[in-house]
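Asker: A structural model of the following input is requested.
(2 chains)
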2 protein chains.
Amino acid sequence: MTAKARPTHADVLAAARRIEGHVHRTPVLVSRTLDELLGARFHFKCENLQRSGAFKMRGATNAVRSLPERVRVVATHSSGNHGAALALAAAQAGRRAVVVVPRDARPSKQAAIERYGAQIVSCEPTLSARETTLEDVVARTGATFVPPYDDPRIVAGAGTAALELLAEHPDLDQIWVPVGGGGLAAGTVVASAGRTAVMLAEPALACDAKASLESGILQAALPPRTIADGLRTALGRLNFDILKRARTPVALASEDAIESWTERIAAIMKIVVEPSAAVTLAAIAEQPGIAAGKVGVVLTGGNV
Amino acid sequence: MTAKARPTHADVLAAARRIEGHVHRTPVLVSRTLDELLGARFHFKCENLQRSGAFKMRGATNAVRSLPERVRVVATHSSGNHGAALALAAAQAGRRAVVVVPRDARPSKQAAIERYGAQIVSCEPTLSARETTLEDVVARTGATFVPPYDDPRIVAGAGTAALELLAEHPDLDQIWVPVGGGGLAAGTVVASAGRTAVMLAEPALACDAKASLESGILQAALPPRTIADGLRTALGRLNFDILKRARTPVALASEDAIESWTERIAAIMKIVVEPSAAVTLAAIAEQPGIAAGKVGVVLTGGNV
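Answerer: Now for the predicted structure:
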């Protein structure tokens, strides 16, 4: 599999075998209260309960364990969940990790990266500073770069969440996931293999994926204004390609709804989700009838 | 089984069959971070993810479904989780429920009781007012009283949480549960049938169970000062009898530790627990070494 080849269903199956025992098989929860509020029969795949607190652990583990044995150091840039996931995945695999973190990243996210044993290299909070600092780290340490989302190993790893959900509930009518860089979205499309409708949700303030998929032209990221900080990034090119071919629809959610559903999920389901993970239910609530039948939802993370 | 006969292991098995499909088989979560912090290999039975948000659903469902078909109305007094659980269990079984609620109960708890379709009757916030109001309800409606904890059907139902945990992890060295009225504590002792050590945890500000079990004489409740509001009540007589015979030890937790572990469980495990459910980890943290080996913990509720 070359660096930017589209991953196949077989790649998702291979990722599932590769990461087994190194990531949690997360529980699937149901809630009659939410079913009644939103008018569908929901099955929530709880990746907020995943190791490192997010689905990112799946792709990071798949990527790290796909590398040749001689690769001893991995590196990435991240202000959030990918950095922590790569740090933990590397530590579990006996590798070192270096994570380039913008200075304005939340202290709690930095603490998680350090707790999992990775080295942090700070940089200015711009994409170009992140990239040049990473290049410098790679040149200096010989580290192998593991990208956060636009990578077939990351996509295939992310797809294993839907694979597990569909193994338990093969008769789902829809699977909803939030879309940011599109690794989970593309992975879910590949995992569902055209047998289940994949539905994406995105903050209205970060609607580049919707604009990209509806115009057919990849759009740049919008200013980082949404509280769903995991979804601020633009769609990756590989992921755009996968989602465009599948004609995957995108529903938008307002900031008010994202905030309110983050709290309601905690109050009703007794689990902690980050705003990025509440965008699906927020979009469903704002577009009555869009979710119908037996509906899977990947709750992506709980790091707040 | 007469009203106050000690339930047997067979009664817990019968309860498990009776409530199957009406309550969730809750997930068992693990956390390496907590294992490292507290020095044992923990397995958390997540009854905060149970229907109605607490393990109380098990006993209430077992009690309601043990009643003769001709009983159409059940009643109880409760300021918390038992009332909501009985309301939901009754509604699921096509019965009416009346819950006597002291005026100072939290509005959120009252709202849950009403959302599940029960009728609320308010009373003054004293035990005697609760009892006389309940007697009045029973006389007026012909309702059957379902006690909150000191009842063999409630104990057997509560024991099904440990039964499920032991079915998945038969090699646990200890099972920790908090103790208030003692329904869960007694049920766990009966379910473990002497094969697994049952360890109780209690707020130091509500240490009547420890005092009762160490003196051999049932002690009255202490003033209701602990934030672990589900554990303020005194041990029931039936439950005291079961725990005394089993010589079940009780570890205490300070208020500071209960508050801090309520937050840490949310931050680390990404699940919402109420303070009463954090008392076990608080007690374990304050008595290093007391939890060792492979340790089960029932996280009892998430209604905050």
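
Asker: CA only for contacts and neighbour counts going forward, please
Answerer: Will do.

Asker: looking at chain A, which residue is nearest chain B?
Answerer: A:Ile271 (4.1 Å; Cα to the nearest Cα).

Asker: what's the local residue count around that residue?
Answerer: By other Cα atoms under 10 Å in any protein chain shown, 24 other residues sit near A:Ile271.

Asker: quick one, phi psi at the closest residue in space to it that isn't next to it in sequence?
Answerer: Leaving out its chain neighbours, the residue that sits closest to A:Ile271 by Cα to Cα, 6 or more residues apart in numbering or on different chains is B:Ile271, at 4.1 Å. Backbone dihedrals for B:Ile271, given as degrees, to the nearest 10, come out at phi -130, psi 150.

Asker: ok, now which ones touch the residue of chain A closest to chain B?
Answerer: Residues near A:Ile271 by Cα atoms under 8 Å, 6 or more residues apart in numbering or on different chains: A:Ile265, B:Lys270, B:Ile271, B:Val272.

Asker: how close does the first one sit to B:Ala54?
Answerer: For A:Ile265, the distance to B:Ala54 (Cα to Cα, to the nearest Å) stands at 16 Å.

Asker: cool, and A:Gly194?
Answerer: 39 Å.

Asker: which one of these two has more residues nearby?
Answerer: B:Ala54 (24 against 10).

Asker: correct me if wrong: A:Asp104 contacts A:Pro125.
Answerer: Yes - if you go by Cα atoms under 8 Å, A:Asp104 and A:Pro125 touch, sitting 6.3 Å apart.

Asker: grab the nearest non-local neighbour of A:Leu200.
Answerer: A:Val250 (4.6 Å).

Asker: dihedrals phi and psi, that neighbour?
Answerer: With angles defined as degrees, to the nearest 10, A:Val250 sits at phi -130, psi 130.

Asker: residues contacting A:Val30?
Answerer: A:Val30 neighbours (Cα under 8 Å, 6+ apart): A:Phe42, A:His43, A:Phe44.

Asker: A:Ala292 too?
Answerer: Contacts of A:Ala292 (Cα under 8 Å, 6+ apart): A:Gly39, A:Ala40, A:Arg41, A:Asp173, A:Gln174.

Asker: got a markdown table for those, with secondary structure too?
Answerer: Output for the contacts of A:Ala292, formatted as a markdown table (DSSP: H, G, I helix; E, B strand; the rest coil):
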| residue | secondary structure |
| --- | --- |
| A:Gly39 | coil |
| A:Ala40 | coil |
| A:Arg41 | strand |
| A:Asp173 | coil |
| A:Gln174 | strand |
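
Asker: my guess is A:Val71 is in a strand, correct?
Answerer: No - read with three-state DSSP, A:Val71 is coil and lies in no strand.

Asker: of all the contacts of A:Ile271, which two lie farthest apart?
Answerer: A:Ile265 and B:Lys270 (11.8 Å; Cα to Cα).

Asker: so these two - more neighbours on which side?
Answerer: B:Lys270 (26 against 19).

Asker: tell me, how many residues neighbour the nearest residue to the more buried one once chain neighbours are set aside?
Answerer: Spatial nearest neighbour of B:Lys270, chain neighbours left out: A:Val272 (4.7 Å); criterion: Cα to Cα, 6+ apart. Residues lying near A:Val272 (other Cα under 10 Å) number 28.

Asker: any idea which residue sits dead centre in chain A?
Answerer: Nearest to the mean C-alpha position of chain A, by Cα atoms, centre = their mean, lies A:Leu184 at 4.6 Å.

Asker: got the residues of the stretch 201-304 of chain A near chain B?
Answerer: Residues of the stretch 201-304 of chain A lying close to chain B by Cα under 8 Å from any Cα of the partner chain are A:Ala266, A:Ala267, A:Met269, A:Lys270, A:Ile271, A:Val272, A:Val273, A:Gly302, A:Asn303, A:Val304.

Asker: would you list the buried entries among those residues?
Answerer: A:Ala266, A:Ala267, A:Met269, A:Lys270, A:Ile271, A:Val272, A:Val273, A:Gly302, A:Asn303 (16 or more other Cα atoms under 10 Å in any protein chain shown).

Asker: surely A:Pro178 meets A:Leu281?
Answerer: No - counting by Cα under 8 Å, A:Pro178 stays clear of A:Leu281, with 9.6 Å between them.

Asker: pick out whichever of these two has more residues nearby.
Answerer: A:Pro178 (30 against 27).

Asker: surely A:Gly187 meets A:Ala158?
Answerer: Yes - between A:Gly187 and A:Ala158 there is a contact under Cα under 8 Å: 5.4 Å.

Asker: let me see the ranges of the strands in chain A.
Answerer: A:28-29, A:41-46, A:73-77, A:96-102, A:119-123, A:144-145, A:174-178, A:197-203, A:250-253, A:294-299 (DSSP state E).

Asker: got a markdown table for those strands, with distance to B:Pro224 and mean pLDDT too?
Answerer: Listed next are those as a markdown table, based on distance: least, Cα to Cα, whole Å; pLDDT from 0 to 100:
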| stretch | distance to B:Pro224 | mean pLDDT |
| --- | --- | --- |
| strand A:28-29 | 34 | 98 |
| strand A:41-46 | 36 | 98 |
| strand A:73-77 | 51 | 97 |
| strand A:96-102 | 48 | 96 |
| strand A:119-123 | 48 | 96 |
| strand A:144-145 | 57 | 97 |
| strand A:174-178 | 45 | 98 |
| strand A:197-203 | 45 | 98 |
| strand A:250-253 | 44 | 98 |
| strand A:294-299 | 38 | 98 |
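
Asker: out of those strands, flag the one nearest B:Glu20.
Answerer: strand A:28-29 (16.3 Å).

Asker: who does that closest one pair up with?
Answerer: Using DSSP bridges, strand A:28-29 pairs in its sheet with strand A:41-46 (antiparallel).

Asker: run a quick check on A:Ser212 versus A:Gln219, I expect a contact.
Answerer: Yes - using Cα under 8 Å, A:Ser212 is in contact with A:Gln219, at 5.2 Å.

Asker: quick one: low-confidence ranges for chain A?
Answerer: Counting by pLDDT under 70, the ranges of chain A that qualify are A:1-3.

Asker: what residue in it is the furthest from its centre?
Answerer: Residue farthest from the centre of chain A, counting by Cα atoms, centre = their mean, is A:Arg140 at 29.1 Å.

Asker: count of residues packed around the closest residue in space to A:Val279 that isn't next to it in sequence?
Answerer: Excluding the flanking residues, the one nearest A:Val279 by Cα to Cα, 6+ apart is A:Ile258, at 5.4 Å. Close neighbours of A:Ile258, defined as other Cα under 10 Å, add up to 27.

Asker: I'd assumed A:Ile284 was in contact with A:Ile258.
Answerer: No - the pair A:Ile258 / A:Ile284 is not scored as a contact, 10.7 Å apart, by Cα under 8 Å.

Asker: how is chain A partitioned into domains?
Answerer: Domain ranges of chain A: A:9-54+A:151-299, A:57-145, per automatic domain parsing.

Asker: most tightly surrounded among these?
Answerer: Mean neighbour counts were compared across the domains of chain A using mean count of other Cα atoms under 10 Å in any protein chain shown; the top stretch is domain A:9-54+A:151-299, at a mean of 22.

Asker: quick check: end-to-end length of that domain?
Answerer: First-to-last residue span, domain A:9-54+A:151-299, Cα to Cα: 22 Å.

Asker: give me the distance from that domain to the chain's centre.
Answerer: 8 Å (Cα atoms, centre = their mean, to the nearest Å).

Asker: who's in contact with A:Thr141?
Answerer: For A:Thr141, the contact set (Cα under 8 Å, 6+ apart) comprises A:Val73.

Asker: do A:Leu243 as well
Answerer: A:Ala185, A:Ala186, A:Val189, A:Leu213.

Asker: again with A:His24
Answerer: A:Gln50, A:Arg51.

Asker: report the separation between it and B:Ile268.
Answerer: 15 Å.

Asker: now A:Arg225
Answerer: Applying Cα to Cα to A:Arg225 and B:Ile268 gives a distance of 27 Å.

Asker: repeat that for A:Val121.
Answerer: For A:Val121, the distance to B:Ile268 - Cα to Cα - is 24 Å.

Asker: that concludes my questions; thank you for your assistance.
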